[in-house]
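# got a predicted model here, sequence first, then my questions.
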Amino acid sequence: MNLHQVVASLIEAQNSFDSQAYADCFTETAIVHDEGKTHKGKAEIQQWIENSNREYQAVLKPLRYEETGAERLLIGEVSGTFPGSPAILKFHLRLEADLIQSLTITG
């Protein structure tokens, strides 16, 4: 699977539970939408993923990846300590200057 470098870095950071490296994949003004909540800016995103890592210990296995202009779609199997694990989730990403400007996670 031929992933954009920042998407590959995001997966690596997620799977090593490295919240700093995860946040570094995003622009300063990035927005993440997950589980009905919105997280704005790198600091808030880092706090969100740190809490998520602690609570769910989720790892991400990429299954499919598509690119359309600045839009990216990553479909992956996420497994961890959450109800319904493993789950197939869609990661809708919008890039800006090779960093993630927005991420929306859907089922």
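Done, it's in.

# and the helices in this structure?
Remark: helices assigned in the chain by DSSP state H are 5-15, 19-23, 41-56.

# counting by contacts, list what the longest one packs against.
In this case it means helix 41-56. Helix 41-56 sits against helix 19-23, strand 26-34, strand 37-40, with contacts defined as 3 or more Cβ pairs under 8 Å, 6 or more residues apart in numbering; DSSP states H and E. In short, each C-beta sits where N, CA and C put it, glycine included.

# which other residues reach the last one?
Identification of contacts with strand 37-40 by Cβ atoms under 8 Å, 6 or more residues apart in numbering yields 29-33, 45, 47-48.

# closest one to Ala13 out of these, please.
Taking Cβ to Cβ as the measure, Ala13 lies nearest Ile45 of the contacts of strand 37-40, at 11.3 Å.

# on that earlier part again, between the helices and strands packed on helix 41-56, which gets nearest to Val6?
Val6 lies closest, by Cβ to Cβ, to one member of these: strand 26-34, at 8.8 Å.

# give the partner strands of the closest one in its sheet and their orientations.
Using DSSP bridges, strand 26-34 pairs in its sheet with strand 37-40 (antiparallel), strand 99-106 (parallel).

# got the helices of the chain as a markdown table, with mean neighbour count columns?
Formatted as a markdown table, the helices of the chain follow (neighbours: other Cβ atoms under 10 Å):
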| stretch | mean neighbour count |
| --- | --- |
| helix 5-15 | 17 |
| helix 19-23 | 18 |
| helix 41-56 | 16 |
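
# nearest to Leu93, of those?
When the helices of the chain are compared (using Cβ to Cβ), the closest one is helix 5-15, at 6.7 Å.

# looking at the closest one now, give me its mean pLDDT.
Mean pLDDT, computed over helix 5-15, is 98.

# hmm, back to that, out of the strands paired with strand 26-34, the one nearest Lys61 is which?
Closest to Lys61 of these, according to Cβ to Cβ: strand 99-106, at 14.9 Å.

# can you list contacts of that closest one?
For strand 99-106, the external contacting residues (Cβ under 8 Å, 6+ apart) are 6, 10, 25-27, 29-35, 89-95.

# cheers, nothing more for now.
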